[in-house]
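# Build me a model:
(one chain, ligands or ions: 1)
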Amino acid sequence: ALQAVMKKAVELAPDSWIPGGVPDPLIAHKHGLVGTQVSRLDGPLKVTGAARFAAEFPLEDLVYAALAYSTIPKGRIATLDVAAAEALPGVVLVMTYKTAPRLNPTPVMMTAPKAVGGDRLPVMQDDRIHWNGEPVAVVLAQTQEQADHAASLIAVTYDTEIAMTRFEDAKADRKNASFMGAPMLLEIGDAETALAAAPHSVDRTYRTPRHNHNPIELHGATLVWQGDDLILHDASQCVAHVAWTLAQVFGIDEAQVHVTSPYVGGGFGSKTLWNHQILAAAAAKLAGRPVRIMLSREGVYRMVGGRTLTEQRVAIGAQADGHFDALIHTGVVAMTSHNNMPEPFILPTRSAYAAGSFLLNVEAVELDMLANTFMRAPGESVGTFALESAVDELAAQLGVDPIALRETNEPETNPTTGTPFSSRNIVAAYRSGAERFGWDKRSATPGTRREGEWLVGMGCATATYPYYRMPGGAARLTLTKDGHATVEIAAHEMGMGTATTHTMVLAERLGLPMDKVTFLYGDSKMPGTVMAGGSQQTASIGAAVIAAQTALFTELLKLAGNDSPLAGLKPSEVGGYEGGLCKLDDPSACESYVSILSRAQRDAVSVEAAGSAPLETQHWSMHSYGAMFAEVRVNTVTGEVRVSRFLGSFDCGKILNPKTATSQFRGGIIMGLGMALMEETQFDERTGRVMNPSLAEYHVPVHMDVPEIEVIWTDIADPHAPMGAHGIGEIGITGVAAAVANAVFNATGKRVRDLPITLDKLM
Ligand code: MOS
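Sure, this is the predicted structure:
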């Protein structure tokens with residue numbers, strides 16, 4: 001059946017580009033723009049305050065929402081007194097489970113193509129409490145301050161029930177987990193026997209804590225019902241998905257929900273659909289007023305899931321020459337009965353190293369807690385910490401350089417599927433990174449480089465993240481008679497440079513200057529179902545734009561007709577150059593867009609096309625890669641760790657805009673430094689309550705924590721990906737924690753296997 005689907009998709013693919021077949025013509029294009037440093041087009045709007053974020057949309061007659069949260073992890077609401085709140089001036093409405101409209105359960109991520117809920121629980125539909133922090137009341141008031149004050153006066157008592165909030169207790173009932181519908185258990189050969197028989201081995205347990213989402217823009221929405229239609233200005237990385245999922249919750253047609261999200265202050269996997277949008281929409285319906293909801297920072301910790309904790313075993317059995325006989329990566333994660341996200345930490349291990357045998361598995365236990373969710377490089381970020389620490393431990397035991405050990409086990413094809421790699425230059429990335437970083441100055445013996453109170457060490461680790469391209473990309477491309485092109489696609493700009501980069505790409509494809517190209521996005525009424533997630537948005541947009549470009553060229557050639565120098569040419573025989581179409585390899589056969597449209601007496605030509613099916617991932621094993629290098633200084637008096645230098649050497653295909661790409665890589669690395677050294681959600685296992693729901697107590701790196709970060713890349717285009725590009729949004733966080741932990745070991749001789757590496761663990 002899969003073969004038939006693939007064959008059909010190949011037939012339907014635009015003739016200019018067949019995934020897994022003919023490379024994207026843009027790769028061979030003479031580049032004026034792609035690959036040059038272009039500043040973000042939205043930058044001036046943001047720094048002048050002109051960019052309008054979700055909680056800034058002005059609406060007539062607007063009221064403000066605040067939430068009250070449960071303080072027990074499980075049970076029933078016994079009494080709920082809202083009288084004091086209702087009596088306050090300015091209060092318009094207090095909504096509880098007693099008054100909330102009936103809602104359908106939220107379709108959660110990966111259960112349907114457009115499902116994007118974080119949590120499938122029906123919210124505020126009965127008196128039950130499922131996690132500590134579950135919302136129990138929504139207040140609407142004339143001002144935010146009135147709403148916040150009223151919410152603080154809501155008095156709740158509970159009939160508590162025994163909750164499962166301890167990971168160790170829950171582990172008695174662990175189950176094999178699946179990810180994206182497929183089991184994660186993978187066995188090749190008999191890895192346990194091979195491990196036992198191997199002359200050299202490591203067998204260790206690594207732990208990573210819960211992490212909360214902290215995008216700088218708090219989760220918020222401004223929304224209004226117009227009859228039975230809902231207009232939602234959201235902070236979103238998936239506008240089309242939110243529209244569909246909200247429609248399911250309210251039992252209305254998808255077309256009745258209009259979601260916009262022009263600017264987003266960071267998402268990282270958290271800007272999907274959580275209960276705040278649903279409750280605000282429900283309350284707006286009850287009140288008959290437009291509603292603005294913006295969660296407090298604490299509210300984000302109570303309502304928006306984060307990354308769950310993991311306990312991972314990595315065992316490697318090796319020959320004396322370093323070749324792996326056995327690679328085991330297994331472990332347990334916590335999740336809930338009402339979500340669908342067992343942190344898939346084994347993902348990087350599927351393709352990282354050649355080995356004689358494999359045993360990979362993720363088991364999950366269910367706790368009574370807020371649903372956990374995706375966070376930047378789900379799986380790889382924490383999985384590479386364990387895997388790449390273990391590789392370093394084995395290198396130390398064998399007395400070989402950790403880079404050499406990785407090269408020894410570099411696979412020729414994907415080691416667990418046999419699929420060929422589309423483009424994998426990780427050894428080159430290591431070599432150029434090592435040279436640039438001065439790896440040869442690293443002392444092989446831990447604890448031997450000392451500067452005053454400080455022990456200095458270097459470590460490295462592999463970064464990796466899969467190439468994805470989700471189906472559903474589509475674009476509308478309009479060319480007007482003044483020679484201006486506009487592309488519309490329901491995609492997202494969360495600050496990573498999408499709008500800028502795709503303006504560059506479209507300008508390059510059409511042979512137009514950037515000021516003749518407009519990229520419109522962030523609106524569910526536009527074509528396509530494109531999520532800014534899985535580091536795949538650029539590929540998805542790219543494939544949609546390839547299809548739209550082919551459709552546009554087809555249309556233009558028809559309009560050009562027999563009087564044009566382009567007469568008789570097929571779309572695949574022309575390219576966009578200097579404001580018009582030219583025959584490929586023959587710049588004398590050209591006609592400008594303005595000329596084609598004016599001769600045809602057309603004001604505009606507009607086409608809409610869907611991107612080809614993502615078949616490249618069936619033919620090839622495709623990933624982004626990187627080699628991470630850290631230098632750390634560990635204080636022998638206080639145990640404090642300072643990262644003094646960091647370098648990321650990446651192999652992510654063609655880099656389209658080096659300026660925004662550098663920021664993406666750096667941002668990921670900084671998030672990785674937080675994971676390595678400070679980020680940790682303090683979860684009280686007695687009560688299931690998050691104890692540090694603020695940036696005062698949940699530490700993330702500040703400027704003083706971040707050293708100079710150098711970023712380099714191979715820039716080798718992947719012929720099987722649109723634009724030759726691999727994703728760059730998530731890979732930056734992967735490998736970082738292991739590189740830091742390995743550097744700490746090199747500095748001190750102490751191996752820290754549970755994150756974060758706080759000073760108490762080094763004293
Ligand atoms: Mo990312 S965790 O796919 O937004």
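
# which parts of the stretch 251-400 of the chain sit against the ligand?
Of all the residues in the stretch 251-400 of the chain, those in contact range of the ligand (C-beta under 6 Å from any ligand atom) are 267-269, 374-376, 378. For the C-beta atoms, the positions are set from N, CA and C on the backbone; glycine is no exception.

# Please repeat the previous calculation with a cut-off of 5 Å.
269, 374 (C-beta under 5 Å from any ligand atom).

# Break down the stretch 251-400 of the chain into its helices, ranges please.
Ranges of helices in the stretch 251-400 of the chain, per DSSP state H, counting those that start in this stretch, are 275-287, 297-303, 380-398.

# Packed most tightly, which of the ones you listed would that be?
Relative to the other members of the helices of the stretch 251-400 of the chain, helix 380-398 carries the highest mean neighbour count by mean count of other C-beta atoms under 10 Å, namely a mean of 26.

# picking that back up, is it possible to export the helices of the stretch 251-400 of the chain to a markdown table including mean pLDDT?
Converted to a markdown table, the helices of the stretch 251-400 of the chain look like this (pLDDT from 0 to 100):
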| stretch | mean pLDDT |
| --- | --- |
| helix 275-287 | 98 |
| helix 297-303 | 98 |
| helix 380-398 | 98 |
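
# can you put those in a markdown table and add distance to L695?
Formatted as a markdown table, these follow (distance: least, C-beta to C-beta, whole Å):
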| stretch | distance to L695 |
| --- | --- |
| helix 275-287 | 19 |
| helix 297-303 | 6 |
| helix 380-398 | 20 |
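
# Can you get me a residue count around L230?
Burial measure for L230: 22 neighbouring residues, criterion other C-beta atoms under 10 Å.

# So which elements touch the helix or strand hosting it?
When secondary structure is defined by DSSP states H and E, L230 falls within strand 229-234. On a contact count with 3 or more C-beta pairs under 8 Å, 6 or more residues apart in numbering; DSSP states H and E, strand 229-234 meets strand 220-226, helix 239-250, strand 257-260, helix 275-287.

# and the closest residue to the ligand within the stretch 401-550 of the chain, how far is that from M341?
Closest approach of the stretch 401-550 of the chain to the ligand (C-beta to the nearest ligand atom) occurs at G533, with a separation of 3.3 Å. Going from G533 to M341 by C-beta to C-beta, to the nearest Å gives 12 Å.

# cool, G459 as well?
Between G459 and M341 the distance is 30 Å, computed by C-beta to C-beta.

# what about G568, neighbour count?
By the measure other C-beta under 10 Å, the count of residues near G568 is 9.

# residues in the stretch 501-650 of the chain within reach of the ligand, list them.
533-534.

# Quick one: the helices in the stretch 501-650 of the chain, in order.
Ranges of helices in the stretch 501-650 of the chain, per DSSP H, counting those that start in this stretch, are 537-560, 593-599, 616-619.

# Show me the strands in the stretch 601-750 of the chain, by range?
For the stretch 601-750 of the chain, strands defined by DSSP state E, counting those that start in this stretch occupy the ranges 604-610, 623-635, 641-651, 683-684, 689-690, 708-713.

# so what sits against both of G533 and M341?
With C-beta atoms under 8 Å, 6 or more residues apart in numbering applied, the overlap between the contact sets of G533 and M341 consists of F374.

# Q37 - nearest residue in space that isn't next to it in sequence?
Closest residue to Q37 in three dimensions, ignoring its sequence neighbours and counting by C-beta to C-beta, 6 or more residues apart in numbering: K659, at 4.1 Å.

# Can you give me the pLDDT of the one you found?
The model reports K659 with a pLDDT of 98.

# residues touching it, list them.
With contacts defined as C-beta under 8 Å, 6+ apart, K659 is in contact with 37-39, 497.

# what does I733 give?
Taking C-beta under 8 Å, 6+ apart as the contact definition, I733 lies against 376-377, 381, 668-669, 671-672, 675.

# now it: how far from the ligand?
When distances are taken as C-beta to the nearest ligand atom, to the nearest Å, I733 and the ligand turn out to be 10 Å apart.

# do L656 as well
Applying C-beta to the nearest ligand atom to L656 and the ligand gives a distance of 19 Å.

# Run through the residues that contact the closest residue to that residue other than its chain neighbours.
On the basis of C-beta to C-beta, 6+ apart, the spatially nearest residue to L656 that is not a chain neighbour turns out to be T501, at 5.0 Å. In this structure, T501 makes contact with 38, 538, 656-657, 660, judged by C-beta under 8 Å, 6+ apart.

# Of all pairs in those residues, which one is the farthest apart?
V38 and T538 (14.4 Å; C-beta to C-beta).

# In terms of neighbours, single out the busier of these two.
Counting neighbours by other C-beta under 10 Å for V38 and for T538 shows that T538 has the greater number, 27 against 20.

# okay, that one: pLDDT?
Model confidence at T538 (pLDDT) stands at 97.

# What of S572?
Looking at S572, its pLDDT stands at 88.

# Just give me the neighbour total for it.
Applying other C-beta under 10 Å, I find that S572 has 16 neighbouring residues.

# State the distance from it to the ligand.
Relative to the ligand, S572 is positioned 34 Å away (criterion: C-beta to the nearest ligand atom).

# Also L103?
According to C-beta to the nearest ligand atom, L103 stands 25 Å off from the ligand.

# Please apply the same query to L762.
Using C-beta to the nearest ligand atom, one gets 30 Å for the distance from L762 to the ligand.

# wait, doesn't that residue sit right on G749?
No. With contact defined as C-beta atoms under 8 Å, L762 and G749 do not form a contacting pair (10.5 Å).
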